[in-house]
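>>> Structure for the following, please:
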Amino acid sequence: MDARGHPKRPLERKGLPLDSLVESFLKETEEESPSLAKYLKALVPHGRNELGGVLGRFDFQHRGHLNAEERLLARRVLGRLHRPSSAGLVLTNQILDYLDLNHNALLEPKEIEFCIEILEMFARADSDNDTVSEYELELLYAVLRDTDTNDNRVLDAHEKELLHEALESPKAFLQRQRVSNPRFAELITKRQAH
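Residues are numbered from 1 along each chain as shown. Alright, predicted model coming up:
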């Protein structure tokens, strides 16, 4: 969540209620999703700041805390992350920037559904589980950057449609990315070298 996400009321990150979002979310998540809370509570301050950036996308009333429905929506995204880390949350924020199709720094229901669909696809890019590893987030970020043909750091309607069509046959799409997307290919090559 950055100033670009608030075109009519630009705010510096330091002016956003990230601490209160994180603290209240962690408190409620301890009871609602203990396994997720375990990983999120272990985050270093930088990671908590990034977590606040993710959570802010679900604070539809701008109250500085999430209600039960907003927490559920946030957990739909955060629950897809395999062992959430500071670096993984940085990537998640960058990915969510691309998926915030109307540039309002919030994820509306259609944007959330699209996000979940993409995360589900990438959860199997390098593993056979339902969560997205940091490596798989890197692959997804490389795909989004490549799909963003006008380089405006958000998917326009046409770019979203191209990606949505590609999701209909994910294995073929990922194979094409290995050939046509230099960032994606570089990540694959590095992974195979280790």
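
>>> Can you tell me the centre-most residue of this protein?
What sits nearest the mean C-alpha location of the chain, by C-alpha atoms, centre = their mean, is residue 92, with 3.1 Å.

>>> show me what contacts residue 127?
For residue 127, the contact set (C-beta atoms under 8 Å, 6 or more residues apart in numbering) comprises 82, 133, 136. (Glycine included, C-beta is placed from N, CA and C.)

>>> Could you dump the residues you listed into JSON lines and include distance to residue 26, neighbour count and secondary structure?
Formatted as JSON lines, the contacts of residue 127 follow (distance: C-beta to C-beta, whole Å; neighbours: other C-beta atoms under 10 Å; DSSP: H, G, I helix; E, B strand; the rest coil):
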{"residue": "82", "distance to residue 26": "19", "neighbour count": "18", "secondary structure": "coil"}
{"residue": "133", "distance to residue 26": "22", "neighbour count": "19", "secondary structure": "coil"}
{"residue": "136", "distance to residue 26": "25", "neighbour count": "25", "secondary structure": "helix"}
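
>>> Can you show me the helices along this protein?
18-32, 34-41, 45-56, 68-78, 86-99, 109-122, 134-147, 157-166, 170-180, 182-193 (DSSP state H).

>>> Looking at those, spot the one closest to residue 62.
Between residue 62 and the helices of the chain, the shortest separation by C-beta to C-beta is 8.9 Å, and it involves helix 45-56.

>>> What lies in contact with the closest one?
Residues from elsewhere that reach helix 45-56 (C-beta under 8 Å, 6+ apart): 1-2, 13, 16-19, 21-22, 25, 40, 43, 66, 74, 77-78, 84-86, 89-90, 92-93, 96, 105.

>>> Just the buried subset of those residues, please.
Using 16 or more other C-beta atoms under 10 Å as the burial test, those include 1, 16-18, 21-22, 25, 40, 43, 66, 74, 77-78, 84-86, 89-90, 92-93, 96, 105 as buried.

>>> ok, for the residue nearest to the centre of the chain, nearest residue in space, not its chain neighbours?
Nearest non-adjacent residue to residue 92, counting by C-beta to C-beta, 6 or more residues apart in numbering: residue 54, 5.7 Å away.

>>> Next, count neighbours for that neighbour.
Residue 54 is flanked by 24 other residues according to other C-beta atoms under 10 Å.

>>> What pLDDT does the model give it?
We note a pLDDT of 95 for residue 54 in this prediction.

>>> One more: residue 106?
pLDDT at residue 106 comes out at 90.

>>> Could you report the distance from it to residue 183?
Residue 106 is 28 Å from residue 183, where distance means C-beta to C-beta, to the nearest Å.

>>> Looking at these two, which one has more neighbours?
Remark: of residue 106 and residue 183, residue 106 carries more neighbours, 18 against 15, as counted by other C-beta under 10 Å.

>>> Contact partners for that one?
57-60, 100.

>>> Show me which of the residues you listed is closest to residue 188.
residue 100 (27.3 Å).
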